[in-house]
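Engineer: Fold the following and give me the result.
(chains A, B, C and D)
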Amino acid sequence: MSESETASAAADKAYRDAQEHSAELKAQVGTGAPDSYFACRNLHAFYGESYIVQGVGFEIPEGKILALLGRNGAGKTSTLRTIARAGSPELRQGEVWLQGTAIHPMKDFEAAQQGIQLVPEDRRIIGGLTVEENLELAQIAEPRGWEFERIYQAFPRLKERRTQDASTLSGGEQQMLAIARALARDVKLLLLDEPYEGLAPVIVQEIERILSDVRQLGITTIIVEQNAVAALKLADLSIILDQGEVVYEGSAKDVLDNEDLRHEYLAI
Amino acid sequence: MASITHFNPSTPKRDLAVMGIFALVVLTAPIWATPIGANYPDLLQRFAIFGIFAIGYNLLFGLTGYLSFGHAAFLGVGSYAAVWIFKLLTMNAILAVAFGMLVAAVFAVAIGYVALRRAGIYFAILTLAFAQMSYRLAYSVLTPITNGETGLTLDGNDPRVIDALFGGGGEGIPNPSLFGLELTGYAAFYFCAVVLILAFWVSLKIFRSPFGLKLLAIKSNQTRMRFTGYNTRPYVLTVFVISGMYAGLAGSLMAVTDPLAGAERMVWTASGEVVLMTILGGAGTLVGPMLGAVLIKYAENIFSAVNDSQLADLFGFLPEPVTDLMVGVASLFVGEGWHLTLGLLFMAIVIFLPGGMMEGLYRIGGAIRRRRAGGRAADNSAVTQPSE
Amino acid sequence: MDSLLLQLLNGLDKGAAYALIALGLTLVFGTLGVVNFAHGALFMLGAFVAVSVNKLLTISQKVRDESITAFEAYTEKPYLEIWLGDLGTEIIQWSVPISALVAIPVMLLIGLVMERGLIQYFYKRTHAEQILVTFGLAIVLGEIIKVFFGANPISQSAPPELSGAARLGAMLGLNENLVYPWWRLVYLLCSFLIVSSVFAFLKLTTYGMVVRAGMADREMVGLLGINIQRRFTVVFGIAAIVTGLAGCLYTPILPPDYHMGMNFLVLSFVVVVVGGMGSLGGAVCAGFLLGILQSFAAMSWVKDIVPGIDQIIIYLIAVVILLTRPRGLMGRKGVMEG
Amino acid sequence: MTDNGNPTGWSRRRFLQTGAATTAGLGALSFSGTAPTGFVRNAWAQDFRNNPGNSDTVTLGFNVPQTGPYAEEGKDELRAYKLAVKHLNGEGDGGMLNTMQPTALKGNGILGKKVDYVTGDTQTKSDAARASAKRMIERDGVVMVTGGSSSGVAVSVQALCQDMGVIFMAGLTHANDTTGKDRRRYGFRHFFNAHMSAAALGPVLKEQMGTNRKSYMLVADYNWGWSVEESMKNVTEEMGWETVNALRTPLGTSDYSQYLTPVRDSGADVLFLIHYGGDMVNSLTQAVQFGLKDATVNGKPFEIVVPLYSRVMAQGAGEAVAGIYGSTNWHWSLQNEGSEAFVKSFGEEYGFPPSQAAHTCYVQTLLYANAVESAGTFYPPEVIKFLEGFEFTGMGNGDTLYRAADHQAFKPVLVVKGNDDPQSQFDLLEVVKEVPTEEIMYPADLYPGNLGPYEV
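Structural biologist: Sure, this is the predicted structure:
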């Protein structure tokens, strides 16, 4: 018996278990487009043989912000990537709906053309391209969002550095560029993955300010953040994931108030 | 590809059975090779020798995923070393084989030590570069040792010190022997066959050993092993040397069955050939590489030998215009066109059977089992697939 | 001094061929991540575009040569010459440059068909499987050419205005013996043109910008709504054009045969790896570097000091560079290191 | 050696009786032409490997390069072999069967047995060539192996045939070693060699270029190249030429520029391109591009010499061959009875003239057949004894002797020149001189070797 063999057997079992447990979610699957603005149902996703997302499902009304919380390895990033239809993890079962459109059969670029924008955790600024080229890249496919002028107005730092190679930006600037890049597209669902990660406290404040500005725009958003308090400050709703499954669903305020819950699942 | 080994939960009992069947199939080769026109000593020897080569290569590639493109160099030096033993000391095959493996091991340590500083395609190019250098030098500058293009051959004037000591020698050039038993024709084949069975057994033991499992783990996640403080290099180097010795063994057996060593055994296409054999048969599987070796050597020796007049005989029962057409079409794929067949075969196998021929066998096996299982409904095939 | 200058020219020329092939190979590596062993075959196909164009242009009226009775011997006069007179002769003489123009659409088509028809199914397979299938393809393509054109090399001549040797020495007021074939200078020039057009395309156009972005971070580009796969398919076509042109324009220097692709295959991989996987600039630099070093290694006095050095120089350089610079001259982190 | 070394007791005959009916496809195919062995003793009461006994057919093994750079030459050799088989079996117009003298051949096969053949691919590699030859000997039961398009292959297959007791009639091999230090009792070479090339070229070069020349040699860096280099040096230096440099080039080089550029500066006025096959095509094409053919050095026109010419390859070099000297074993334009007969029947069969490789292979087949016919047996030692010292004519090269001491054929050698103004697509070489045998003869012990025993 090799190592990976054991792993894959375990994954198979967990997969079957999850299918039974999520009977309720399963019931929704295949019932067609939901009424809500955004919904995902019974997502099961794998990295190779590793079973990462185990039956996650939730809904978000238009314009609301959802904080997706959980410990390290709870499957938060994977859930976001699954919704954005990134190449991995592989979605083996489940549905993703945005404004009545089925996203789950799509590829990454098709989902992006439907208005889903992922701001990934390591920003994924493209080196070798200038700041402006990074923004230009976001405006190649329809539907486009903000014009350059508006972006530069909102992010004067980026304007200063527009001709600079993007990989020479500081971490905070890269995060700004990543958010700006998303806004350069016509975003219907913004997926923010760890926007504060690895940033100095001063910069965190700046990004916080930017995000609260974004909040005013009324863009439906899912935010994943280690720093749960910061995320909950922005969010309307909250979901807690543990081991690939949803263990709590409620308003952001409830989580902030419920110390036990925070203690058990978020270690804060 | 490692997952193919999972089809076969291994138990000592099962391994014994595998060994038994393998040995039986190898030893009965002259019988089953007859209907396919492959029953003549030279080709059977080649099956065994290249089987050893591929099995050894698979230890490296199948277990660790390191793609060496220079294994032919070890085969080449194994051959030269063995022929030099024949020339200088004795015609006894045991000494030649041992020395061939030893020299190959020394080469493998040297090349492996350097090349394993890099991984992935960089490792492949490093091994390729070393092998090409060996080939180029053997062909030209090192001719005094290798006899260049003509190849190193035996000579009536060779000293053969040990044999001379025991009063051997005599007229003409002697044949390699095993303590008096002349190793020519079928005797040589059976000698190679026994060595092949031993080589297979060693490979099986390595696959099942903790060492083998560790190598598999290296393959599945090199970086994680590094982070956990594992220094993987000694393990990979060890298996690199073992697999180099397999190549040296194969090379020296080539010299035993045919006392000649040529530089072209080291050229990059020869290295490529063993890679192809391994992948074609099924890398990471026990028997696959052997199958790949047999298939390629069979194609090389049999397809290439078919000519128009034989095709005409084959299709002779048809009306003449049809015969001509059939011969015309078929001749594209045999004789001078046998490379075309080989290329198409590579493509077909890798397109339809990503795991090589072994996957094909497993699929057939699986289909039979399913048919036996009869009406029992497939369990959870109702999982809805997202479109990807 | 003159001999060094000549060897430098030789090196540049040889390097130009290496650089073009390696550039094409790197485009494929860097974008699609596929180890394409059929790349040498593209070089060979490019050369055979030249052969085919020449054959088409010289379709001839055959007049039986009565003096030879045992077999069908003809004196041939191409129809082009019959119809167009001197202009026809001129066109035939310029068949290699003409075929370079033809090669552009033909190679693009071949590249697109190859990528869509086969390569695209192998993105997610292992490198070993990619090697096996593309190697099979290379063999098949070679054999098909062999069926149609035979196994012998088929010489192609450069236009008379561009053949023969340029008296560089006399022109520059140096040694009279300093001469260099015109066509090799043309080849050098063309390869500079091709390399710069590829770089200009990548650097100056939006399309090229997207491709560069895709090479750097394929997934992110996809997440921005761009169908990067489609663009990479086009890049494969461009790689085929670059490599095919390298082969096509090389025909007056090296009479092509069906086997030439295999001979260049290993070399092109070595060049790419020395340059650094995924680095276009690295591929071009390594091509020229190896070409020049190979030329210098062939000089008599060098060979006297290190016998056989010209036989192994390329591989020796590859080993040294890979050991001292883990990712080759200009390689990017994480490309093909798995 | 009585039973093909088959210890299983499964003789081929028994297999044929029991298994043939069930054997289909390739199996059957690969067995066609197999002669049962080991049962019938012939009149000489001696048994030997692959004795055809009283079978109706006898099988010959044609081992030629079918893949790789020499595939085209191999193809032409195969054409010649097939033609020879046809003629031996009394089909077609008989070709050189009609002009060969003396001959015992009657056009009814060999010793009344119909001639059959098997083919194999040498890939121009010793290993592959030996594997292929072994298949022919061990499985297909051939009585004679012939072919080859390179000296390395010829030498190694010749050694194999000696070990296995089957006669080898070498095809195209030009190195001195084949009948020099690597000569074998069972091997015969009709083709000429490096020494004879040099000896034939020498006087012509002297006549055309004078005695005060400086030569530069580019030499393919392997045994054959070195042997031609040595022979050419000996001959040219004896007539007063100076060898400025002999630069060795790696086999399979595609770009020779770095070896060609020093030539002009060296003060040499003659360039020897000691390359064969694709290498020759490349180096010659490129030498011409470097303007060497039109250059004037030391007040003399610069000359290029290709010691071993092949028409098949000359085609590859195209216009570059014009005016370039070299030597060749045979050329289709020769006006003698044998050549004309051969060219006629080859031309009628295939539509173009045969190459020198085709000629030598055809002749070798007929010579073997004639030796068997004359000796009255397939028993190799008797056949060898007949061939040793055999003198014949009418095979395209005039009076020819198979020298007993080294199994080298001696006959006039052709010095040829690339045609300046070809009249047809085949008219590439022009014969400058037929150098008579006396001028190219050398003592057999010049390249000492040991033929080995008759009986193995």
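
Engineer: Can you name the residues that contact the closest residue to chain B within the stretch 151-300 of chain C?
Structural biologist: Residue nearest to chain B within the stretch 151-300 of chain C (C-beta to the nearest C-beta): C:Val273, separated by 4.4 Å. Bear in mind the C-beta positions are built from the backbone N, C-alpha and C, glycine included. Shown in contact with C:Val273 (C-beta atoms under 8 Å, 6 or more residues apart in numbering or on different chains): B:121-122, B:125, C:318, C:322, C:328.

Engineer: Please apply the same query to C:Gly164.
Structural biologist: Here C:Gly164 is in contact with C:181-182, D:289, D:291, D:294 (criterion: C-beta under 8 Å, 6+ apart).

Engineer: Check D:Asp255 too.
Structural biologist: C:10, C:13-14, C:17, C:253-254, D:282, D:286.

Engineer: Swap in 7 Å and give it another go.
Structural biologist: C:14, C:254 (C-beta atoms under 7 Å, 6 or more residues apart in numbering or on different chains).

Engineer: For residue 173, the count of nearby residues, please.
Structural biologist: Just going to use chain A. Close neighbours of A:Glu173, defined as other C-beta atoms under 10 Å in any protein chain shown, add up to 22.

Engineer: The intended chain is chain C.
Structural biologist: With other C-beta under 10 Å as criterion, C:Gly173 counts 6.

Engineer: go on, the one 10 residues further on?
Structural biologist: Neighbouring residues of C:Trp183 were enumerated by other C-beta under 10 Å; the total is 25.

Engineer: What strand or helix carries it?
Structural biologist: helix C:182-204 (DSSP states H and E).

Engineer: follow-up on the earlier one: which of the contacts of C:Gly164 count as buried?
Structural biologist: C:181-182, D:289, D:291 (16 or more other C-beta atoms under 10 Å in any protein chain shown).

Engineer: Let's have these in JSON lines, adding distance to D:Phe392 and pLDDT.
Structural biologist: Formatted as JSON lines, the buried ones among the contacts of C:Gly164 follow (distance: C-beta to C-beta, whole Å; pLDDT from 0 to 100):
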{"residue": "C:Pro181", "distance to D:Phe392": "48", "pLDDT": "91"}
{"residue": "C:Trp182", "distance to D:Phe392": "52", "pLDDT": "92"}
{"residue": "D:Gln289", "distance to D:Phe392": "44", "pLDDT": "88"}
{"residue": "D:Gly291", "distance to D:Phe392": "46", "pLDDT": "87"}
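
Engineer: Can you tell me which of those is closest to D:Ala404?
Structural biologist: Checking the buried ones among the contacts of C:Gly164 against D:Ala404 with C-beta to C-beta, the nearest one is D:Gln289 at 47.2 Å.

Engineer: and that closest one, what is it in contact with?
Structural biologist: With C-beta under 7 Å, 6+ apart, D:Gln289 has these contacts: C:163, C:181, C:183.

Engineer: residues near the first one, how many?
Structural biologist: Close neighbours of C:Ser163, defined as other C-beta under 10 Å, add up to 18.

Engineer: is it true that it touches C:Leu185?
Structural biologist: No - look at C:Ser163 against C:Leu185 with C-beta atoms under 7 Å: they stay out of range, at 11.4 Å.

Engineer: re the thing from before, hmm, which two among the buried ones among the contacts of C:Gly164 are most spread apart?
Structural biologist: C:Trp182 and D:Gly291 (9.4 Å).

Engineer: Return every residue with contacts to both of the two.
Structural biologist: Counting by C-beta under 7 Å, 6+ apart, the residues touching both C:Trp182 and D:Gly291 are C:164-165.

Engineer: Work out for me the element the residue of the stretch 151-300 of chain C closest to chain B sits within.
Structural biologist: C:Val273 belongs to helix C:260-275, assigned by DSSP H and E.

Engineer: Going by neighbour count, which residues in that helix are buried?
Structural biologist: C:260-275.

Engineer: Check pLDDT for these and point me to the minimum.
Structural biologist: Scanning those for pLDDT, the low point is C:Asn263. It has 80.

Engineer: Spatially nearest residue to that one, not counting backbone neighbours?
Structural biologist: Leaving aside its chain neighbours, C:Asn263 sits nearest to D:Ser254 (6.1 Å; criterion: C-beta to C-beta, 6 or more residues apart in numbering or on different chains).

Engineer: now do D:Met239
Structural biologist: D:Met239 sits nearest to D:Lys206 (C-beta to C-beta, 6+ apart), 5.0 Å away.

Engineer: So the one you found sits against D:Glu238, correct?
Structural biologist: No - between D:Lys206 and D:Glu238 there is no contact under C-beta under 7 Å: 9.8 Å.

Engineer: Now do the helices in chain D.
Structural biologist: D:12-19, D:25-31, D:71-88, D:126-138, D:151-164, D:194-209, D:223-238, D:257-265, D:278-289, D:311-317, D:337-350, D:356-375, D:380-387, D:437-440 (DSSP state H).

Engineer: Likewise for the stretch 101-250 of chain A?
Structural biologist: A:108-113, A:131-138, A:148-154, A:156-160, A:171-183, A:201-216, A:228-234 (DSSP state H, counting those that start in this stretch).

Engineer: Please apply the same query to the stretch 201-350 of chain B.
Structural biologist: B:210-220, B:222-227, B:233-257, B:268-281, B:288-302, B:308-314, B:320-331, B:338-352.

Engineer: And for the nearest residue in space to D:Gly452 that is not next to it in sequence, the neighbour number?
Structural biologist: Nearest in space to D:Gly452, with sequence neighbours left out and distances taken as C-beta to C-beta, 6+ apart, is D:Arg185 at 4.6 Å. Residues near D:Arg185, counting by other C-beta under 10 Å, number 22.

Engineer: try C:Pro105
Structural biologist: 11.

Engineer: just to revisit the earlier point, take the helices of the stretch 101-250 of chain A and write them to a markdown table, including mean pLDDT.
Structural biologist: Putting the helices of the stretch 101-250 of chain A into a markdown table (pLDDT from 0 to 100) gives the following:
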| stretch | mean pLDDT |
| --- | --- |
| helix A:108-113 | 93 |
| helix A:131-138 | 93 |
| helix A:148-154 | 92 |
| helix A:156-160 | 91 |
| helix A:171-183 | 92 |
| helix A:201-216 | 87 |
| helix A:228-234 | 85 |
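
Engineer: Among the ones you listed, which comes closest to chain B?
Structural biologist: helix A:108-113 (10.9 Å).

Engineer: got the residues of the stretch 201-350 of chain B near chain D?
Structural biologist: B:258, B:260, B:262, B:264-265, B:301-302, B:304-307, B:310, B:313-314, B:335-336, B:338-339 (C-beta under 7 Å from any C-beta of the partner chain).

Engineer: ok, now how distant is whatever residue of the stretch 151-300 of chain D ends up closest to chain A from C:Gly261?
Structural biologist: Using C-beta to the nearest C-beta, the single residue of the stretch 151-300 of chain D nearest to chain A is D:Asp255, 34.0 Å away. Noted for D:Asp255: a distance of 15 Å to C:Gly261, by C-beta to C-beta, to the nearest Å.

Engineer: Check D:Ser339 too.
Structural biologist: D:Ser339 is 38 Å from C:Gly261, by C-beta to C-beta.

Engineer: Retrieve the pLDDT associated with whichever residue of the stretch 251-400 of chain D sits closest to chain B.
Structural biologist: Nearest residue of the stretch 251-400 of chain D to chain B: D:Leu251, at 6.4 Å (C-beta to the nearest C-beta). We have a pLDDT of 81 for D:Leu251.
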